[in-house]
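Enquirer: sequence plus the predicted model coming up.
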Amino acid sequence: MKNPIVAIGFITSTCCLLLGCASQDGTLTMEQEVMRERAMNNYVDCTNSGAERLDDGKSDALTIAKGIASMCHSEYQQSLAASSAGLNNRARHYFYKKMNSSQQVTNGPLNAVLLERAKHK
């Protein structure tokens, strides 16, 4: 994983939302864990490469982050699907509703932009 801080932010947000949500059996299969990790890595790689390519260091960071969020939409949705594996329908609905808010959608890309800028200072 190229940018552990972005991943930690996303994982922390995800875990905070899941703490009160019951899963169907409380466990994930090894395959679900692998899929979750792979989806998360793909999303983090997408946001990092987006920040490297799109950020000019001068434009508003949130504006750049919104562009990256759009560019990485598919990877983000795949990471949500993998992260919601094992949740019951009610918990999955709540999870998607919270994680698809505009603030959550731009958190990872915004962190990637800010970290990219910090590398060049």
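Expert: Sure, I can see it. Residues are numbered from 1 along each chain as shown.

Enquirer: residue 79 contacts residue 38, correct?
Expert: No: taking contacts as Cβ atoms under 8 Å, residue 79 lies outside contact range of residue 38: 9.2 Å. C-beta: built from backbone N, CA, C; applies to glycine.

Enquirer: from the neighbour counts alone, determine which of those two ranks first.
Expert: Set side by side, residue 79 and residue 38 show unequal neighbour counts under other Cβ atoms under 10 Å, the larger going to residue 79 at 27 against 13.

Enquirer: just the pLDDT for that one.
Expert: At residue 79 the predicted local distance difference test score is 95.

Enquirer: cool, residue 82 as well?
Expert: Residue 82 is assigned a pLDDT of 93 by the prediction.

Enquirer: ok, residue 106 next?
Expert: Per-residue confidence (pLDDT) for residue 106: 95.

Enquirer: that one and residue 61, how far apart?
Expert: With the distance defined as Cβ to Cβ, to the nearest Å, residue 106 ends up 10 Å from residue 61.

Enquirer: neighbours of residue 102, just the number please.
Expert: Look at residue 102: counted by other Cβ under 10 Å, it has 9 neighbours.

Enquirer: how near is residue 87 to residue 67?
Expert: Using Cβ to Cβ, one gets 30 Å for the distance from residue 87 to residue 67.

Enquirer: residue 29 now?
Expert: Noted for residue 29: a distance of 36 Å to residue 67, by Cβ to Cβ.

Enquirer: comparing those two, which residue is more hemmed in?
Expert: residue 67 (19 against 11).
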